[in-house]
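K.L.:
This is a predicted model, with the sequence first.
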Amino acid sequence: MRSDTVKKSVLVAVGVIENTEGEIFICRRGAGQHQANKWEFPGGKVEAGETVAQALARELAEEIGIRVTDCHSFMRIEHDYGDKQVTLDIRKVTAFTGEPHGLEGQPSRWVPVTELHSYDFPAANSPIVNKLQTEAGH
Ligand SMILES: Nc1nc2c([nH]c(=O)n2[C@H]2C[C@H](O)[C@@H](COP(=O)(O)OP(=O)(O)OP(=O)(O)O)O2)c(=O)[nH]1
Ligand SMILES: [Mg+2]
């Protein structure tokens, strides 16, 4: 990168959705997307004029068909993939209506926190998985 250019980070709203059994909902990214075929916590880019909470609500409605009724800040991660720099604003979704499912054809599933480490997530996600496992006492 040239020293006179400032790399711009993309702000992403990410939802860690938890059910009453303590499982987490994850989806698989598409073949043509950035970080293709990796598993992810659903979410997407915050658009101009939106708050992170608004973006999260919109993305979770569009991608997995749920309406968020309660969420709180979980963590924020800055990560540079080289080809793209992202800021993940992760929210824990503790209440919602509807049953999440991949509306865009993406594979998806509920996973116990103890099994999250066996999924191939983007590199930026490691602290999320670690924090979830610590909180669950593992
Ligand atoms: N949603 C999501 N994105 C993640 C995670 N981890 C991670 O590094 N990312 C990165 C991948 C992408 O570069 C970016 C999210 O972009 P996205 O492709 O989901 O954005 P979007 O839903 O608005 O999709 P699009 O309109 O561009 O197709 O953040 C994660 O757990 N969930
Ligand atoms: Mg997305």
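P.N.:
Perfect, I can see it now. Numbering: from 1, shown residues only. Ligands and ions are numbered 1, 2, ... in the order given.

K.L.:
what stretches of the protein score poorly on pLDDT?
P.N.:
In the predicted model, the chain carries pLDDT under 70 at residues 1-5.

K.L.:
residue contacts, the closest residue to ligand 1 within the chain?
P.N.:
Across the chain, the shortest distance to ligand 1 (Cβ to the nearest ligand atom) belongs to Gly44, at 2.3 Å. Every C-beta, even on glycine, is put in place using the N, C-alpha and C of the backbone. By Cβ atoms under 8 Å, 6 or more residues apart in numbering, Gly44 lies in contact with Val12, Ala13, Ala55, Glu59, Glu62, Glu63.

K.L.:
if we go to 10 Å?
P.N.:
Val10, Val12, Ala13, Val14, Gly15, Ala55, Leu56, Arg58, Glu59, Leu60, Glu62, Glu63 (Cβ atoms under 10 Å, 6 or more residues apart in numbering).

K.L.:
Distance check, it against Pro112.
P.N.:
25 Å (Cβ to Cβ, to the nearest Å).

K.L.:
Ok, Gln54 next?
P.N.:
Distance of Gln54 to Pro112, computed by Cβ to Cβ: 30 Å.

K.L.:
same question, Thr87
P.N.:
28 Å.

K.L.:
Tell me which of these two has more neighbours.
P.N.:
In this view Thr87 and Pro112 are compared by other Cβ atoms under 10 Å, and Thr87 has more residues nearby, 15 against 12.

K.L.:
which residues does that one contact?
P.N.:
Thr87 is in contact with Ser9, Val10, Leu11, Val12, Val46, Val52, Arg76, Ile77, Glu78, His79, Ala124, counting by Cβ under 10 Å, 6+ apart.

K.L.:
What helices and strands are in contact with the helix or strand where the second one lies?
P.N.:
Of the helices and strands defined by DSSP states H and E, Val10 is found in strand 9-17. Under the contact definition 3 or more Cβ pairs under 10 Å, 6 or more residues apart in numbering; DSSP states H and E, strand 9-17 sits against strand 23-28, strand 43-45, helix 52-64, strand 67-80, strand 85-97, helix 126-135.
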